[in-house]
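**Student:** structure of the sequence below:
(chains A and B)
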Amino acid sequence: MKKDILFSLKSPYREQLDIIGFHFGHGKKSLAIVGAMRGNEVQQMYVCSRMVQALKKLESQGRIAEDRSILVVPCVNYYSMNIGKRFWAMDNTDINRMFPGYDMGETTQRIADGVFSKLQGYEYGIQLASFYQPGIFLPHVKMMDTGFTNPEIMKDFGLEFGIIRKPRPYDTTTLNYNWQIWETKAFSVYANATDEIDVKAADEAVNAILRFMHNRGIVTAKTPPGYITEIMKEDKTKQIRSETAGLFFRVTEIGSTVERGDVLGRIYDPLDGELAAEIRTPVSGTVYFAYNSPLINAKTVCFKIIK
Amino acid sequence: MTEKIASIPLAVNEDLIIQKRRIQNGESKTRLSLVTGTHGDELEGQYLAYMVGSYIDEHIDLLDGIVDIYPALNPMGIDSITRGIPMFDLDMNRVFPGTKRGTMVEVICSSVVDDLSGSDVCVDIHSSNIFLTEMPQIRISVPTAEMLVPYAKMLNVDFVWIHDAATVLESTLAHTLNSRGTKTLVVEMGVGMRITKEYCKQLFDGVFNLMKELGMWKGDTASVREPVISEGREVGFVNSDAAGIFVPCANFGDTVKLGDHIGDVVDPLTSAVVEKVQAVCDGMIFTLREYPVVYGGSLLARILQPAGGED
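**Tutor:** A predicted model of the protein is given here:
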């Protein structure tokens, strides 16, 4: 393992920002893994730190394939993490909306450029992703449909679901999208939590990434058997919104199989405690996202169901 | 008449409401919409909304048409001094056109677009952010320039910046409305979290001139200035390379030469000048940094080159 600084940025009032990368193996750039780009992505950083541990062990056992190199970047934006902010501490911009970056541009464009220059040229890229609203996910893998990456490759993660997302205009400045434009086959792995650590989901994500690396001939690793991944387009999943607001109680678990009409959650009036609404699923399927904050507004996505 | 154009229940005993005021007089159905408050830290449009509305109230007989004023597309952001939408940290101007079947923000954006569509002209007023001061200007993407520049010239701004189209900007209100046939002009002026009365008055004169040109205003209007149009001219960006405190020595609107000293980045701990900031090209400074603390990359100034300048 070689640990080095991928990019540095001076700060007027804090220690210099040094973005750390961990390199394993030698030769052909095979896989880059990126964790937290936002200050609340603790689970994403944790999964990467676990990958560092796993890869150290594999490397010491000689189980990284010949002519294969791997880069792990656990945390791009620890400046925000250390002060409890999600986006860049100074101007609240999102590094993951600045790719491919610009070395003569604004601060977060320069960070994106500095990191992206080190992430380019890898055959595969994995980003540990999070969602903008509070919620928990069934671990799954997602990719943007740019026409470059074959969705069938997602099966090598052995996660239950692989989801294909049609990029929207605001996705065109993300790492995942730009990786593909620069010919890296890129995937996003969702490991359930964001600002707290879910060890079980992290175990699953680590095993999925190791399984992927094994199936792609990058390492030889023993992992628990995975799923036969079901690949689907994102618009084939069913989003269920809250139609009213109040105190939210979830009565179903992530990964549960539910039948059409089942109650998934309840919303109560926050002042008088009256039941305001029951949230029922209009379709049968598997719950793969659930909102997990006690307060809920109307028109909030509270569950996603894979039909 | 004020009207709710979107209303979404919030968790505890409150609705998020987006409101507009319609002022109407005469037979004409010509409609001008003034929209602002998309970013909660931009307040110049708040005062302009007041100025335009109160002046029309006092001279209602001179109006022949409809003026719709939308002062706060992101009312929770303004209320909490938050640029994006509180709780989600989402930039509302990256969510348009929205959808009725979507999340709270998408539903609101969709309602806003539906309500604004069909205006003869829409003026979308922004005021930079807390970091930069902007000369009153209109920003237009290249594909819409031919259609919009004649209207931009009516608005009494100093500068019309015609910029390249970018995919990410397809999520803006202006792009959405322009692509649906509602002519929409984006104004940037002043600085975040402040009101610059002189700029509000300048745009106020422009709004009434525009109304006059649209045949909606029968009263006298002030003469308007001829804006500098960026077409065929390049914009130079001055970014800091060092971290520290930026202290400008050039003024907003100054004409500078390549290499001119326009400020310093200094280190308060060591008392050293860590960067002597120089103009990157000849031209006029139309953007200048307002917030002193800078990192490498922080934008310090934008300079409009003279026609025929280097690219």
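**Student:** which residues touch B:Leu116?
**Tutor:** Contact partners of B:Leu116, counting by CB atoms under 8 Å, 6 or more residues apart in numbering or on different chains, are B:Ser33, B:Val35, B:Asp68, B:Tyr70, B:Cys122, B:Leu173, B:Leu177, B:Thr182, B:Thr184. Where C-beta positions appear, they are placed from N, C-alpha and C, glycine not excepted.
**Student:** I figured the fourth one hits B:Leu34, correct?
**Tutor:** Which is B:Tyr70. Yes. Using CB atoms under 8 Å, B:Tyr70 is in contact with B:Leu34, at 6.9 Å.
**Student:** tell me what the residue most central in space within chain B is bridged to.
**Tutor:** Nearest to the geometric centre of chain B sits B:His126, at 2.4 Å (CA atoms, centre = their mean). B:His126 has the following beta-bridge partners by DSSP bridges: B:Glu188.
**Student:** quick one: contacts for it?
**Tutor:** B:His126 touches B:Thr36, B:Thr38, B:His39, B:Glu42, B:Glu44, B:Gly45, B:Val186, B:Val187, B:Glu188, B:Met189, counting by CB under 8 Å, 6+ apart.
**Student:** quick check: the residue nearest to the third one when sequence neighbours are not counted vs B:Ser271, distance?
**Tutor:** In other words, B:His39. Excluding the flanking residues, the one nearest B:His39 by CB to CB, 6 or more residues apart in numbering or on different chains is B:Arg83, at 4.9 Å. According to CB to CB, to the nearest Å, B:Arg83 and B:Ser271 sit 33 Å apart.
**Student:** so how far is the helix or strand where B:Ile66 lies from its chain's centroid?
**Tutor:** Element membership for B:Ile66, per DSSP states H and E: strand B:65-70. Centroid separation for strand B:65-70 versus its chain: 18 Å, with CA atoms, centre = their mean, to the nearest Å.
**Student:** could you give the mean pLDDT of the helix or strand following that strand?
**Tutor:** Counting by DSSP H and E, the element after strand B:65-70 in chain order, helix or strand, is helix B:75-79. Mean per-residue pLDDT for helix B:75-79: 96.
**Student:** next: stretch A:157-169.
**Tutor:** On average, the pLDDT along stretch A:157-169 is 94.
**Student:** that one and chain B in contact?
**Tutor:** Yes. Using CB under 8 Å from any CB of the partner chain, stretch A:157-169 reaches chain B at A:Arg168, A:Pro169.
**Student:** ok, now stretch A:237-253?
**Tutor:** Yes. Judged by CB under 8 Å from any CB, stretch A:237-253 and chain B are in contact via A:Arg241, A:Thr244, A:Ala245, A:Gly246, A:Leu247.
**Student:** among those residues, which are in strands?
**Tutor:** A:Arg241, A:Gly246, A:Leu247 (DSSP state E).
**Student:** before we move on, the earlier item: inside helices: which ones of the contacts of B:His126?
**Tutor:** Those of the contacts of B:His126 mapping onto helices are B:Glu44, B:Gly45, per DSSP state H.
**Student:** name the element A:Arg110 belongs to?
**Tutor:** Using DSSP H and E, A:Arg110 sits within helix A:107-119.
**Student:** what's downstream of that helix, the next helix or strand?
**Tutor:** Downstream of helix A:107-119, the first helix or strand assigned by DSSP H and E is strand A:124-129.
**Student:** who are the contact partners of B:Arg31?
**Tutor:** With CB under 8 Å, 6+ apart, B:Arg31 has these contacts: B:Gly65, B:Ile66, B:Val67, B:Asp68, B:Gly118, B:Ser119, B:Asp120.
**Student:** mind checking how far it is from B:Cys122?
**Tutor:** Using CB to CB, B:Arg31 is found at 9 Å from B:Cys122.
**Student:** outline the domain layout of the chain.
**Tutor:** Let's take chain A. A:2-228, A:236-306 (automatic domain parsing).
**Student:** sorry, I should have been clearer: chain B.
**Tutor:** Following automatic domain parsing, one gets these domains for chain B: B:2-229, B:235-304.
**Student:** circling back: show me which of B:Arg83 and B:Ser271 is the more surrounded one.
**Tutor:** Remark: of B:Arg83 and B:Ser271, B:Arg83 carries more neighbours, 24 against 7, as counted by other CB atoms under 10 Å in any protein chain shown.
**Student:** the more buried one contacts A:Asn92, correct?
**Tutor:** Yes. Applying CB under 8 Å as the test, B:Arg83 and A:Asn92 come out as touching, 6.5 Å apart.
**Student:** ok so, going back, of the contacts of B:His126, which is the nearest to B:Val238?
**Tutor:** B:Glu188 (17.5 Å; CB to CB).
**Student:** report the contact partners of that closest one.
**Tutor:** Residues in contact with B:Glu188 (CB under 8 Å, 6+ apart) are B:His126, B:Ser127, B:Ser128, B:Glu134, B:Pro136, B:Gln137, B:Ile138, B:Arg139.
**Student:** can we see that at 10 Å?
**Tutor:** B:42, B:44, B:124-129, B:132, B:134-139, B:157, B:159, B:161, B:286-287 (CB atoms under 10 Å, 6 or more residues apart in numbering or on different chains).
**Student:** again, but for B:Glu275
**Tutor:** Contacts of B:Glu275 (CB under 10 Å, 6+ apart): B:240-244, B:246, B:263-267, B:294, B:296, B:300.
**Student:** next, it: secondary structure please.
**Tutor:** strand (DSSP: H, G, I helix; E, B strand; the rest coil).
**Student:** where's it relative to A:Thr93, distance?
**Tutor:** 21 Å.
**Student:** ramachandran coordinates for the residue located most distally from the centre of chain B?
**Tutor:** Largest separation from the mean C-alpha position in chain B: B:Thr270, at 38.4 Å (CA atoms, centre = their mean). Dihedral angles of B:Thr270 (phi, psi; degrees, to the nearest 10) stand at phi -100, psi -10.
**Student:** relative to chain A, how far out is it?
**Tutor:** Remark: distance between B:Thr270 and chain A (CB to the nearest CB, to the nearest Å) = 11 Å.
**Student:** wait, that residue touches B:Gly244, no?
**Tutor:** Yes. Applying CB atoms under 10 Å, one finds B:Thr270 in contact with B:Gly244, separated by 9.4 Å.
**Student:** circling back: scan the ones in strands among the residues of stretch A:237-253 next to chain B and report the most crowded one.
**Tutor:** A:Gly246 (27 neighbours).
**Student:** and that residue, bridged to which residues?
**Tutor:** A:Ile296.
**Student:** I figured it was touching A:Leu295, is that so?
**Tutor:** Yes. Look at A:Gly246 against A:Leu295 with CB under 10 Å: they come within range, at 7.8 Å.
**Student:** overlap in contacts, the two.
**Tutor:** With CB under 10 Å, 6+ apart, A:Gly246 and A:Leu295 have common neighbours A:Pro270, B:Leu10, B:Ala11, B:Val12.
**Student:** anything in contact with each of B:Arg83 and A:Asn92?
**Tutor:** What both B:Arg83 and A:Asn92 touch, as defined by CB under 10 Å, 6+ apart, is the set B:Asp41, B:Asp89, B:Asp91, B:Asn129, B:Ile130.
**Student:** hey, C-alpha coordinates of the helix ranked longest in chain B in PDB?
**Tutor:** Assignment by DSSP H gives helix B:197-213 as the longest helix of chain B. Extracted C-alpha coordinates of helix B:197-213, given in PDB (Å, rounded to 0.1, in the frame of the first residue of the first chain):
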ATOM      1  CA  LYS B 197     -30.900  51.500  -3.700                       C
ATOM      2  CA  GLU B 198     -29.200  53.000  -6.700                       C
ATOM      3  CA  TYR B 199     -29.300  49.700  -8.600                       C
ATOM      4  CA  CYS B 200     -32.900  49.100  -7.700                       C
ATOM      5  CA  LYS B 201     -33.800  52.600  -9.000                       C
ATOM      6  CA  GLN B 202     -31.800  52.000 -12.200                       C
ATOM      7  CA  LEU B 203     -33.700  48.700 -12.800                       C
ATOM      8  CA  PHE B 204     -37.000  50.400 -11.800                       C
ATOM      9  CA  ASP B 205     -36.500  52.900 -14.600                       C
ATOM     10  CA  GLY B 206     -35.800  50.000 -16.900                       C
ATOM     11  CA  VAL B 207     -38.900  48.100 -15.900                       C
ATOM     12  CA  PHE B 208     -41.100  51.100 -16.700                       C
ATOM     13  CA  ASN B 209     -39.300  51.700 -19.900                       C
ATOM     14  CA  LEU B 210     -39.900  48.000 -20.900                       C
ATOM     15  CA  MET B 211     -43.600  48.400 -19.900                       C
ATOM     16  CA  LYS B 212     -43.800  51.500 -22.100                       C
ATOM     17  CA  GLU B 213     -42.200  49.600 -25.000                       C
END
